[in-house]
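K.L.:
only the shape, not the letters, is given here:
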């Protein structure tokens with residue numbers, strides 16, 4: 001309920017910007033070089049990395065609406081988890097450089 005009222009408030013305060021934002025979102029998720037299902041699966045993964053609960057809900061629903069299976073959605077989430085963990089592993093270089101005095 002709060003999400004819906006925030007959207008109305010946002011729209012009332014900046015209607016032109018809100019309209020452009022919504023149109024941009026529609027365009028981004030239309031099929032192009034990537035089909036709509038793939039785009040929604042990417043969004044599910046990104047939403048998990050950014051830890052946005054509204055995005056997780058919305059794009060999980062979007063992925064399912066575009067025909068993604070539960071297994072495909074879960075695999076996208078695992079890709080996100082690996083990428084997030086991979087960033088931590090990759091940054092060990094900075095820790096080692098610090099320890100080595102570089």
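P.N.:
Done, it's in. All of these numbers come straight from a predicted model, not from anything done at the bench.
K.L.:
per-domain residue ranges of this protein.
P.N.:
1-30, 34-102 (automatic domain parsing).
K.L.:
just name the most buried of the ones you listed.
P.N.:
Greatest average neighbour count among the domains of the chain goes to domain 34-102 (a mean of 14), per mean count of other C-beta atoms under 10 Å. Using the backbone N, CA and C atoms, a C-beta is placed for each residue, glycine as well.
K.L.:
and it, how far apart are its ends?
P.N.:
Using C-alpha to C-alpha, to the nearest Å, the end-to-end distance of domain 34-102 comes to 43 Å.
K.L.:
hang on, the earlier thing: mean pLDDT lowest where, among the domains of the chain?
P.N.:
Of all the domains of the chain, domain 1-30 carries the lowest average pLDDT, namely a mean of 90.
K.L.:
output the contacting helices and strands for the helix ranked longest in the chain.
P.N.:
When the chain is parsed with DSSP state H, its longest helix is helix 70-90. For helix 70-90, the elements it packs on are helix 36-50, helix 53-65, judged by 3 or more C-beta pairs under 8 Å, 6 or more residues apart in numbering; DSSP states H and E.
K.L.:
the longest one to helix 70-90, inter-axis angle?
P.N.:
What it means is helix 36-50. Helix 36-50 runs at 40 degrees relative to helix 70-90, counting by axes from the mean of the first three to the mean of the last three C-alpha atoms, to 10 degrees.
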